[in-house]
Structures are given as C-alpha cells and as structure tokens.
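S.K.: I would like to see how this sequence folds:
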Amino acid sequence: MIPDSTEAARRLLSWYDRHRRDLPWRAKPGETADPYRVWLSEIMLQQTTVPAVAPYYRSFTERWPTVRDLAESPLDDLLVAWAGLGYYARARNLHKCARVVAEDHGGRFPGNEAALLALPGVGAYTAAAITAIAFDRKATVVDGNVERVIARIFAVEEPLPNAKPTLRRLAATLTPDFRPGDYAQAMMDLGATICTPRKPKCMLCPWSDYCEGRAAGIAESLPRKVAKAEKPTRRGVAYWLLNPDGAVLLRRRAEEGLLGGMAEVPSTAWGPDLPGEAAVAAQQPFPTRWRRLPGLVRHTFTHFHLELEVVAAQAGADWRSADGNWVPVDRLGDHALPSVMVKVVRHALSNA
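M.R.: Numbering: from 1, shown residues only. Modelled structure (predicted):
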C-alpha cells in the first residue's frame with residue numbers, strides 16, 4: 001500500500017535520476033523536450049520495441065527534422081522509410097497528423113490533451129505522453145509497462161483488458177503535480193527495466209516495500225490476462241511476373257484496410273483455403289501461364305497467420321497492358337514493400 005503518493009513520487013524520481021535510460025528521443029537532463037520528437041517516437045513505439053524503433057527514429061529525424069518537413073514530404077517517401085516497422089496505418093496517420101499540425105496549428109503541437117486527441121492517430125496514451133513529456137504538464141500516462149507496475153503495486157487480479165479502467169484510475173492517484181514529464185518516463189523505465197514481465201527485480205525496485213503483489217507472493221503473475229483465442233490461418237497465392245527487361249510487376253493495395261496504400265507483389269484474396277487453379281486464373285494480374293514455385297511464404301500479422309504460395313511467369317510482348325508498375329528488381333528497395341512482400345520477393349528470387 002502507498003500511504004503517501006507524494007513521497008512515493010519523490011522516491012521514484014530519485015531512482016530515475018540515477019538510472020534513467022539513455023534513449024535517442026529522450027531529452028537530456030536540463031534540456032527541453034521537442035514535442036515533434038516526442039510525438040514521433042511515441043507513434044513509432046506503439047506495438048514495437050525500443051531496439052527496433054531506434055534506427056527508424058534516427059533516420060526520420062535526420063531526413064525530416066521538423067513536423068513541417070514531414071508534412072511536406074510525399075506519403076510514398078514516408079511509407080518507403082517506414083517499411084519494415086509494421087502496422088502501416090500508423091505511417092499514414094503520421095503523415096495526416098503532420099499536415100494538420102503544419103496547416104492548422106502553425107507547425108506547433110497543441111499543449112493540452114483535448115487538442116492532441118483531435119489529431120489523426122493520437123489516442124489517449126499518446127496525448128497524455130506528449131502533454132507530460134513535451135510540455136511538462138500533469139497527465140496520467142499508462143502504457144503496458146505502467147499497467148504492469150500498477151497491477152502489481154495494488155495487487156489488481158482482474159484480468160486485462162477489463163482491468164484497464166481500474167489500472168488507469170489507480171495510476172492517476174499516484175501522478176504528482178511536480179516533474180510530470182520525468183515521472184511519466186520514470187514509470188515507463190521502472191516497468192521496462194525493473195518490474196519486468198518475468199523475474200522482476202524486486203530487490204532493486206524503489207517501490208518494493210509498497211508492493212501488495214510482492215507481499216502476497218503473486219507479483220510475477222500480474223497483470224492477469226484473458227486467454228487469447230488461437231490465431232486463424234489465411235492462405236493465398238502471390239504472382240511473381242517479370243517482363244522481357246527483367247522488371248517485376250508491383251501494384252498498390254487499396255488505401256483502406258490491411259497494408260493500405262503499400263506496394264505489393266500482386267496476390268489473390270487471402271482466405272481460409274488455398275485458392276484452386278480456377279481462382280488463381282481468375283485473379284491473375286496478367287493472362288499467361290504460371291508455374292508454382294516450391295515452398296511457402298509464411299508471415300504472422302496481429303490477428304492471423306498467413307501462408308502464401310508463389311507462382312511465377314514471364315510476360316509476353318503485350319506486357320505493357322498489365323495493371324501496375326514495372327520495377328527493376330534492383331530498385332525494389334525504393335518502394336514501400338511491407339515485410340510480408342519482402343519475404344515474397346526473397347522467396348521468388350531464390351526459387352524462380
């Protein structure tokens with residue numbers, strides 16, 4: 001139990017001052033955080049790890065050092081730079097948000113949660129994080145790390161996701177009026193480095209004597225989670241088509257939906273069963289004779305597994321009639337290919 005939230009905050013901040021992580025997007029002690037960089041890092045970090053994000057963040061800030069630079073960039077350039085980071089709706093919303101900030105807010109991010117929540121792609125967590133970290137204003141920032149800390153400190157046994165409102169309410173009771181930006185980052189660091197999912201380092205925790213979960217011997221089992229349903233598997237066929245010059249056919253996926261607006265090696269619809277010969281012929285991007293390549297391309301998305309067969313063909317003299325863009329194989333890196341399509345390209349090059 002935490003009898004004095006002010007003292008608890010001071011204790012946590014004292015720990016943070018000694019052990020804070022050195023992250024590319026984090027302002028140094030005494031520096032003022034840049035709202036653009038805080039926003040960019042928080043969007044990138046959604047459902048992605050710190051090590052994976054770091055090189056992308058450095059690349060983005062070197063190429064687009066301000067929100068206006070990002071807003072003025074073509075979306076395709078941003079999608080190419082984002083390729084491999086996943087969850088591509090974030091990239092499209094990143095571009096939309098940059099334009100709104102540049103055009104409607106004079107290139108400056110608003111400094112309150114309500115205005116931030118009105119921006120494309122900015123949810124409750126991101127709005128609170130920007131408010132606290134970039135503007136040093138009181139806001140309760142609750143990500144997965146913070147949920148774990150709070151669930152253990154208060155021994156909340158209700159499973160996620162139903163426990164989220166309770167955890168947020170309890171987190172708000174601890175949020176101090178002083179150093180809100182540092183406090184938000186201290187909570188994140190505590191969860192990431194001490195109060196870890198497995199084998200938490202309780203002896204090093206500045207809040208160990210407050211922790212009801214530790215006292216009850218259940219800390220490592222918290223937060224509880226509702227068992228996830230098994231992911232279904234979808235299947236399809238990808239078409240690897242080369243023209244006489246050795247260029248491969250790509251097309252753009254629809255703007256809405258999974259991988260919206262990204263370039264792809266054309267494929268059939270993805271369903272529970274592998275398409276038969278008639279379906280493969282009906283959905284082909286160019287009428288020709290196809291041969292199946294050995295093996296499968298496997299990829300896992302958030303909600304399902306995907307298995308793709310790859311068929312290959314050489315386009316004839318009328319190759320220019322194909323619907324899509326012909327791209328030299330050595331220039332595929334210039335296009336916004338999502339990870340699953342990178343796998344298709346590698347598979348085709350290895351087996352064609």
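
S.K.: okay, residue 48: pLDDT?
M.R.: If you check residue 48, the pLDDT there is 86.

S.K.: and residue 97, what does it touch?
M.R.: Residues in contact with residue 97 (C-beta atoms under 8 Å, 6 or more residues apart in numbering) are 39, 119, 120, 121, 122. (Each C-beta comes from the backbone N, C-alpha and C, glycine too.)

S.K.: Give me the neighbour count for the first one.
M.R.: Other residues lying near residue 39 total 27 when counted by other C-beta atoms under 10 Å.

S.K.: how far away is the closest residue to it other than its chain neighbours from residue 269?
M.R.: Spatially, and ignoring its direct neighbours in sequence, residue 39 is nearest to residue 130 (5.6 Å; C-beta to C-beta, 6 or more residues apart in numbering). Separation of residue 130 from residue 269 (C-beta to C-beta, to the nearest Å): 39 Å.

S.K.: Same check on residue 56?
M.R.: For residue 56 relative to residue 269 (C-beta to C-beta), the value is 31 Å.

S.K.: okay, those two: which has more neighbours?
M.R.: Between residue 56 and residue 269, counting by other C-beta under 10 Å, residue 56 is the more crowded of the two (18 against 11).

S.K.: Assign residue 237 to helix, strand or coil.
M.R.: strand (DSSP: H, G, I helix; E, B strand; the rest coil).

S.K.: How many neighbouring residues does it have?
M.R.: 22.

S.K.: With residue 317 instead?
M.R.: 8.

S.K.: so who does it touch?
M.R.: residue 244 are the contacts of residue 317 under C-beta under 8 Å, 6+ apart.

S.K.: distance of it from residue 139?
M.R.: From residue 317 to residue 139 the distance is 63 Å (C-beta to C-beta).

S.K.: For stretch 191-203, give me every contacting residue.
M.R.: The contact list for stretch 191-203 (C-beta under 8 Å, 6+ apart) reads 19, 21, 50, 143-146, 148-149, 152, 204-205, 208, 211, 214, 219-220.

S.K.: for the chain, what are the low-confidence residue spans?
M.R.: Of all residues in the chain, none has pLDDT under 70.

S.K.: What residue spans form the domains of it?
M.R.: For the chain, automatic domain parsing gives the domain ranges 5-221, 233-351.

S.K.: mind putting the ones you listed in CSV, distance to residue 227 included?
M.R.: Listed next are the domains of the chain as CSV, based on distance: least, C-beta to C-beta, whole Å:
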stretch, distance to residue 227
domain 5-221, 9
domain 233-351, 15
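
S.K.: How far does stretch 212-225 stretch from one end to the other?
M.R.: 19 Å (C-alpha to C-alpha, to the nearest Å).

S.K.: sorry, back to before: so what's the residue count around the residue nearest to residue 39?
M.R.: Residues near residue 130, counting by other C-beta under 10 Å, number 28.

S.K.: still on that earlier bit, would you list the buried entries among the contacts of stretch 191-203?
M.R.: 143, 145, 146, 148, 149, 152, 205, 208, 211, 214, 219 (16 or more other C-beta atoms under 10 Å).

S.K.: Hmm, residue 208 and the last one touching each other?
M.R.: No: Residue 219 is beyond contact range of residue 208, at 9.5 Å (criterion: C-beta atoms under 8 Å).

S.K.: Closest to residue 101 out of the buried ones among the contacts of stretch 191-203?
M.R.: residue 143 (22.4 Å; C-beta to C-beta).

S.K.: what about that closest one, distance to residue 184?
M.R.: Where residue 184 is concerned, residue 143 sits at a distance of 9 Å (C-beta to C-beta).

S.K.: Over to residue 95?
M.R.: Taken as C-beta to C-beta, the span from residue 95 to residue 184 is 26 Å.
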